[in-house]
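Novice: can you look at this prediction? I've put the sequence above it.
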Amino acid sequence: MSIMLREIREQPRVIEKTLRAERRKFEKLRRRFENRRPPLVVLAARGTSDNAAQFGRYLIEITTGIPVSLAAPSVATLYRVPLRLQGALVAAVSQSGESTDTNTVLEAARKAGAFTVGITNEAGSTLAKIPDFAAIIRGGREKSVAATKTYTGQLLGFYLLAWALGAEIRLDDLDRIPEWADCALKLEDEIAQRAERYRFMEQAVVVGRGLNYANAFEWALKMMETCYVVAERFSQADILHGPIAMMGQSFPAFLIAPPGVTWPVMQQLATRLEGFKAETLILTDESNKAAPKTAVRIPAKLAYKGSLPAEVYTPIPYIIPAQMFAAKLAEVRGLNPDHPRGLNKVTRTL
């Protein structure tokens, strides 16, 4: 068994442990923002962490109304232009906490008068020491180059940050995420069987929308780095603006399709791809009764009933089958997902 697969299986416990350890810190942060919330949030990250930041952008904007921008680290590291960030909240996200460019963005933001936040898996890292507030993912050392448990830990960090910023997220609901992650892990045997069909896949597209747009990027990244598949990632809206022209008979398409406001447009895309006779795999859960019988269904009803979007808590359980798919596909292709060629666990860029 690969280390990657073992770490995928650890995720329910990592989430549970992180929630327990970080709750009081975020309660203090929420009290800080009760009287004065930042007018702007800026997120800085690279790689898998950048995908987590993309989720953070959607979550914070949807649940708080605060505009969120994704930083361009080159502005600070290569062009050396100081930004006017006084009063903003600037958060950097890094698994190792040693990403040179994101740490540089955070240092510059603090000098500019921003309130700074770091989200990392390493309590002794540089990123844990720079900011005004550090959130530590309790994932233990991640050994596989392909990040899994640190990604879902970062998504959890953004749920907690959104809650601290005044979102109507309930901590009791977050406490259920480990249970839903466990449900997703029950798909392992089915995912292994599905992966066999894609043994010779060379290219694919992964499509999401809204809160699961980031997961489309992450699923594609996992296939690229562990299986060497050329995997393009799109929003359901963007793929219609040109890229759909490249798709035809037997072209592999992976659709992340939870219940909620994004389902109707994802369903429309699935119908269109069916007309092209594309090789389409839909990922959903048991609460989505309208999904076809051929879909991969997480054995849990994840549609949220309340003031927040129905799919608000789907991103963490939904990425787990995608991670398993990449690990299983690498296995059937005779590849080692723990040590992709040309990659190291810590990447330092400027």
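Specialist: On my side now, so go ahead.
Novice: residue 13 against residue 178, yeah?
Specialist: Yes. Assessed by Cβ atoms under 8 Å, residue 13 is found in contact with residue 178 at 7.2 Å. Bear in mind the C-beta positions are built from the backbone N, C-alpha and C, glycine included.
Novice: give me the more crowded residue out of these two.
Specialist: Higher neighbour count among residue 13 and residue 178: residue 178, with 21 against 16, using other Cβ atoms under 10 Å.
Novice: now the more buried one: which helix or strand?
Specialist: Taking DSSP states H and E as the definition, one finds residue 178 inside helix 177-185.
Novice: all strands of this protein, in order?
Specialist: Using DSSP state E, the strands found in the chain span residues 41-44, 68-70, 89-94, 115-120, 133-136, 203-208, 230-235, 252-256, 279-285, 296-298.
Novice: adjacent strands (with direction) for the second one?
Specialist: Neighbouring strands of strand 68-70 in its sheet, by DSSP bridges, are strand 41-44 (parallel).
Novice: roughly how far out does the strand it pairs with sit from the chain middle?
Specialist: From the chain centre to the centre of strand 41-44 is a distance of 15 Å (Cα atoms, centre = their mean, to the nearest Å).
Novice: with just CA atoms, put that strand into PDB.
Specialist: The C-alpha coordinates for strand 41-44 follow below in PDB (Å, rounded to 0.1, in the frame of the first residue of the first chain):
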ATOM      1  CA  VAL A  41      -9.300  39.300   2.600                       C
ATOM      2  CA  VAL A  42      -6.200  38.400   0.500                       C
ATOM      3  CA  LEU A  43      -5.000  34.800   0.300                       C
ATOM      4  CA  ALA A  44      -1.500  33.800  -0.700                       C
END
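Novice: average pLDDT for it?
Specialist: Strand 41-44 carries an average pLDDT of 98.
Novice: per-residue confidence at the residue nearest to residue 169 when sequence neighbours are not counted?
Specialist: Distances taken as Cβ to Cβ, 6 or more residues apart in numbering put residue 163 closest to residue 169, at 4.5 Å, once the chain neighbours are dropped. Reading off the confidence values, residue 163 has pLDDT 98.
Novice: try residue 349
Specialist: On the pLDDT scale, residue 349 is placed at 58.
Novice: the top helix by length along the chain: how far from the chain's middle?
Specialist: Looking across the chain with DSSP state H, the single longest helix is helix 11-33. Between the centre of helix 11-33 and the centre of its chain there are 18 Å (Cα atoms, centre = their mean).
Novice: who are the packing partners of that helix?
Specialist: Contact partners of helix 11-33 among helices and strands, from 3 or more Cβ pairs under 8 Å, 6 or more residues apart in numbering; DSSP states H and E: strand 133-136, helix 149-164, helix 171-174, helix 177-185, helix 315-332.
Novice: pull the CA coordinates from that helix and hand them back as PDB.
Specialist: Extracted C-alpha coordinates of helix 11-33, given in PDB (Å, rounded to 0.1, in the frame of the first residue of the first chain):
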ATOM      1  CA  GLN A  11      -8.000  12.300   7.200                       C
ATOM      2  CA  PRO A  12     -11.100  11.800   9.400                       C
ATOM      3  CA  ARG A  13      -8.800  11.700  12.500                       C
ATOM      4  CA  VAL A  14      -6.700  14.700  11.300                       C
ATOM      5  CA  ILE A  15      -9.800  16.800  10.900                       C
ATOM      6  CA  GLU A  16     -11.200  15.700  14.300                       C
ATOM      7  CA  LYS A  17      -7.900  16.400  16.000                       C
ATOM      8  CA  THR A  18      -7.500  19.800  14.400                       C
ATOM      9  CA  LEU A  19     -11.000  20.900  15.300                       C
ATOM     10  CA  ARG A  20     -10.400  19.900  19.000                       C
ATOM     11  CA  ALA A  21      -7.000  21.600  19.200                       C
ATOM     12  CA  GLU A  22      -7.800  24.900  17.300                       C
ATOM     13  CA  ARG A  23     -11.300  25.700  18.400                       C
ATOM     14  CA  ARG A  24     -10.400  28.000  21.300                       C
ATOM     15  CA  LYS A  25      -7.900  30.000  19.200                       C
ATOM     16  CA  PHE A  26     -10.600  30.600  16.600                       C
ATOM     17  CA  GLU A  27     -13.100  31.600  19.300                       C
ATOM     18  CA  LYS A  28     -10.700  34.300  20.400                       C
ATOM     19  CA  LEU A  29     -10.300  35.400  16.800                       C
ATOM     20  CA  ARG A  30     -14.000  35.600  16.300                       C
ATOM     21  CA  ARG A  31     -14.300  37.900  19.300                       C
ATOM     22  CA  ARG A  32     -11.700  40.100  17.800                       C
ATOM     23  CA  PHE A  33     -13.700  40.500  14.600                       C
END
